[in-house]
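# can't give you the sequence, but here's the structure:
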């Protein structure tokens, strides 16, 4: 009985209360409390992605689907899924903190991450993005592209993009390592984006090294991902204001 | 008895349209063409033209409709006629992404062709007009098109001595009314038919040399249910081909940079969720003459349109289930374009 009365009163109150002034404004979700890193004690994880074994042979890509694309690459287009650097390291490995940051919320940057469709190729091939950070997709080509992130945790989508059109602006809201990206019109185009809910990620370049800075001291699991050679993980301890080495070795087939 | 029935009908029409019209002409009884009904000849590849019982085409209404179609007097500043945006030399379009109306105001959708519009079950990209008659009067009053209130249009025509005899020959004695104007324009538009293209001569005329080998390969792809299934919506029947199912489909055309629909299309009429972003299937006849393409004129070339379909359009909640990624190589895409170019037929001037 008492419950009934209470419910009724609540209902009445909800109906008769004057509408608050901000009712027309879209209600913003409460801003999360972002974790602030103490610069005085923050440390670094750095290392290399080494490669051993047989370097795969260069594979020419069939660009028969679009002669305009073929015309942009007189010497042919070659598969870039494995790039072994001169110093025996791997490029395009994605390294990120997999575990150890639970309970901390990091503010996503407002500056966007970009991916361009140029020469019928995605650039960069591999990159990281903070969840919630804007991703700008541009088309610098004279042909239509149709970018298609095959996301499985995040929502998958594809969008046709004509030459000269404005960059698309999208976001990934959930952690997903990695999101495979293809072009629905040019089947050889491939890129990968790693979305993580913090800024602690890196991609190796032409010297195969990486550095993840400004980490709060603590114990972490760091994972290295490579498109061809999949993943490896390693537990590391970052001492206050210290440096921790983490070197991964991927083996060729 | 007939008039008693007609009065409630007119009253109803006035009520439902009252919100958008400044002054609705009150007709005692519906206008009717007085001349002999003519048969509209159809070129190779087209079925007989559907004609409404209350507006059979006559030589007089068609001729009057043609004069009105080309008359800039029907726009506020007398600069624009129907032909300005639907010109014979451009496949009855204007080859602009969006058409400039009076004062340079731009519309929001690409001007569709008038060619073979007689066969469309509804008119406009969103089907908001149920007949050519209803369509014909729309752009005259549309503020971003001809921007002339119907009452003013009728006043101008009534004070133009060249029109009075033409209307009387077409409809008998009486005032010029908007109803007579739209009936005449619609009857003229029913004669703007185009067929007898190389495709028609090949498909329906038995001339196997009318199409190039590339166009023949393109036609086979166009009809191939597994590989493209273009023909599912751009129909080819046994004895004729309209290249449209007259229905509304969402291809994901016109998304903004964040993937949201900029124009809800058919939804504006039906308020049905499934119609969000759906637009009327346009005919493909004379398509090589009517660039740019799609309801928003976003595609500049036929190859770009083919590439758009190859990519499976753009994802959105109501993407038509027929739209999926296609696997066509460069030569096949060009064959489809060659086929589309074979759809240019005889165009009435």
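Yes, it's here. These numbers come from a predicted model, not from an experiment. Numbers count the residues shown, from 1 in each chain, chains lettered A, B, ... in the order given.
# how about the helices of the stretch 51-200 of chain B, start to end?
B:59-69, B:82-85, B:132-141, B:150-158, B:164-171, B:178-189, B:198-203 (DSSP state H, counting those that start in this stretch).
# Of the ones you listed, flag the one that's most buried.
Of the helices of the stretch 51-200 of chain B, the one with the most neighbours on average (mean count of other C-beta atoms under 10 Å in any protein chain shown) is helix B:178-189, at a mean of 26. C-beta here means a position set from N, CA and C on the backbone, and glycine is covered the same way.
# how about low-confidence regions in chain A?
For chain A, the stretches with pLDDT under 70 are A:1-27.
# Domain parsing of it, as residue ranges.
A:32-54+A:76-106+A:207-253, A:107-197 (automatic domain parsing).
# Against chain B - does the first one have any residue that ends up touching it?
It stands for domain A:32-54+A:76-106+A:207-253. No. Domain A:32-54+A:76-106+A:207-253 stays out of contact with chain B when judged by C-beta under 8 Å from any C-beta of the partner chain, the minimum separation being 14.1 Å.
# can you give me the strands in the stretch 51-200 of chain A?
A:93-99, A:113-117, A:122-123, A:126-130, A:135-139, A:145-149, A:159-161, A:168-170, A:176-183, A:190-196 (DSSP state E, counting those that start in this stretch).
# Next, format those as a markdown table and append mean neighbour count.
Shown next, in a markdown table, are these (neighbours: other C-beta atoms under 10 Å in any protein chain shown):
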| stretch | mean neighbour count |
| --- | --- |
| strand A:93-99 | 22 |
| strand A:113-117 | 20 |
| strand A:122-123 | 20 |
| strand A:126-130 | 21 |
| strand A:135-139 | 20 |
| strand A:145-149 | 26 |
| strand A:159-161 | 27 |
| strand A:168-170 | 18 |
| strand A:176-183 | 20 |
| strand A:190-196 | 23 |
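# I'd like to know which of those is closest to residue B:244.
Set against residue B:244 and scored by C-beta to C-beta, these come closest in strand A:159-161, at 21.5 Å.
# Can you list the neighbours in contact with the closest one?
Strand A:159-161 has contacts (C-beta atoms under 8 Å, 6 or more residues apart in numbering or on different chains) with A:117, A:137, A:139, A:144-147, A:168, B:252, B:255, B:259, B:308, B:311, B:313-315.
# For chain A, what is the nearest residue in the stretch 151-300 of chain B?
Closest residue of the stretch 151-300 of chain B to chain A, C-beta to the nearest C-beta: residue B:257 (4.9 Å).
# Quick check, that residue in contact with residue A:166.
Yes. If you go by C-beta atoms under 8 Å, residue B:257 and residue A:166 touch, sitting 5.4 Å apart.
# List the contacts of whichever residue of the stretch 201-349 of chain B sits closest to chain A.
Across the stretch 201-349 of chain B, no residue is closer to chain A than residue B:311, which sits at 2.9 Å (C-beta to the nearest C-beta). Residue B:311 makes contacts with A:144-146, A:158, A:160, A:183-185, B:325, as judged by C-beta under 8 Å, 6+ apart.
# got it, and residue B:154?
B:25, B:175-178, B:181.
# what do you get if the cut-off is 6 Å, keeping everything else the same?
Each residue near residue B:154 by C-beta atoms under 6 Å, 6 or more residues apart in numbering or on different chains is listed here: B:176, B:178.
# if I look at it, how far off is residue B:73?
According to C-beta to C-beta, to the nearest Å, residue B:154 and residue B:73 sit 11 Å apart.
# same thing with residue B:268?
30 Å.
# Also residue B:125?
Per C-beta to C-beta, residue B:125 is found 27 Å from residue B:73.
# Those two - which one has more neighbours?
Per other C-beta atoms under 10 Å in any protein chain shown, whichever of residue B:125 and residue B:73 has more neighbours is residue B:125, with 21 against 14.
# what secondary structure does the closest residue to residue B:119 other than its chain neighbours sit in?
Nearest residue to residue B:119 in three dimensions, chain neighbours excluded: residue B:242, at 5.3 Å (C-beta to C-beta, 6 or more residues apart in numbering or on different chains). Using DSSP: H, G, I helix; E, B strand; the rest coil, the structure places residue B:242 in coil.
# Residue B:242 reaches residue B:121, doesn't it?
No. Counting by C-beta atoms under 6 Å, residue B:242 sits too far from residue B:121 to count as a contact (10.6 Å).
# which of those two has more neighbours?
residue B:242 (21 against 13).
# So what does that one look like in phi/psi?
phi -100, psi -20 (degrees, to the nearest 10).
# And for residue A:218?
Recorded main-chain torsions at residue A:218 are phi 160, psi -170, according to degrees, to the nearest 10.
# Kindly report the same for the one 5 residues further on.
Torsion angles at residue A:223 (phi, psi; degrees, to the nearest 10) stand at phi -120, psi 140.
# what's the answer for residue A:133, then?
Torsion angles, degrees, to the nearest 10, at residue A:133: phi -80, psi 140.
# Identify the residues contacting it.
Counted by C-beta under 6 Å, 6+ apart, residue A:133 has contacts A:108-109.
# got it, and the one 3 residues further on?
In this structure, residue A:136 makes contact with A:112, A:114, A:167, A:169, judged by C-beta under 6 Å, 6+ apart.
# Contacts only, for the residue lying closest to the first one once chain neighbours are set aside.
The one in question is residue A:112. Spatially, and ignoring its direct neighbours in sequence, residue A:112 is nearest to residue A:134 (4.0 Å; C-beta to C-beta, 6+ apart). Residue A:134 makes contacts with A:112, A:169, A:171, as judged by C-beta under 6 Å, 6+ apart.
# Could you check how far the second one is from chain B?
Read that as residue A:169. Distance of residue A:169 to chain B, computed by C-beta to the nearest C-beta, to the nearest Å: 5 Å.
# who in the stretch 201-349 of chain B is up against chain A?
Residues of the stretch 201-349 of chain B lying close to chain A (C-beta under 6 Å from any C-beta of the partner chain) are B:257-258, B:304, B:307-308, B:310-312, B:314-315, B:325, B:329-330.
# among those residues, which ones are buried?
B:304, B:307-308, B:310-312, B:314-315, B:325, B:330 (16 or more other C-beta atoms under 10 Å in any protein chain shown).
# any chance of those residues in TSV, plus secondary structure, distance to residue B:58 and pLDDT?
As requested, these are exported to TSV (DSSP: H, G, I helix; E, B strand; the rest coil; distance: C-beta to C-beta, whole Å; pLDDT from 0 to 100):
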residue	secondary structure	distance to residue B:58	pLDDT
B:304	helix	43	95
B:307	helix	46	95
B:308	helix	43	97
B:310	helix	47	96
B:311	coil	49	96
B:312	coil	48	97
B:314	coil	47	97
B:315	coil	50	96
B:325	coil	51	95
B:330	helix	52	94
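# Pick out the most distant pair among those.
Between any two of those (C-beta to C-beta), the greatest distance is 24.6 Å, for B:315 and B:330.
# How much space separates residue A:214 from chain B?
For residue A:214 relative to chain B (C-beta to the nearest C-beta), the value is 31 Å.
# looking at this, that residue is in a strand?
Yes. Using three-state DSSP, the secondary structure at residue A:214 is a strand.
# which residues of the stretch 151-253 of chain A fall in helices?
Counting by DSSP H, counting those that start in this stretch, the stretch 151-253 of chain A contains no helices.
# circling back to that earlier point, now for the contacts of residue A:136: which two are most distant?
Once C-beta to C-beta is applied, the contacts of residue A:136 give A:114 and A:169 as the farthest pair, at 10.4 Å.
# Looking at the stretch 101-250 of chain A, which residue is nearest chain B?
Per C-beta to the nearest C-beta, residue A:146 is where the stretch 101-250 of chain A lies closest to chain B, at 2.9 Å.
# returning to what we had before: tabulate the strands of the stretch 51-200 of chain A (JSON lines), appending distance to residue B:106.
Putting those into JSON lines (distance: least, C-beta to C-beta, whole Å) gives the following:
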{"stretch": "strand A:93-99", "distance to residue B:106": "46"}
{"stretch": "strand A:113-117", "distance to residue B:106": "29"}
{"stretch": "strand A:122-123", "distance to residue B:106": "35"}
{"stretch": "strand A:126-130", "distance to residue B:106": "37"}
{"stretch": "strand A:135-139", "distance to residue B:106": "24"}
{"stretch": "strand A:145-149", "distance to residue B:106": "27"}
{"stretch": "strand A:159-161", "distance to residue B:106": "23"}
{"stretch": "strand A:168-170", "distance to residue B:106": "24"}
{"stretch": "strand A:176-183", "distance to residue B:106": "32"}
{"stretch": "strand A:190-196", "distance to residue B:106": "37"}
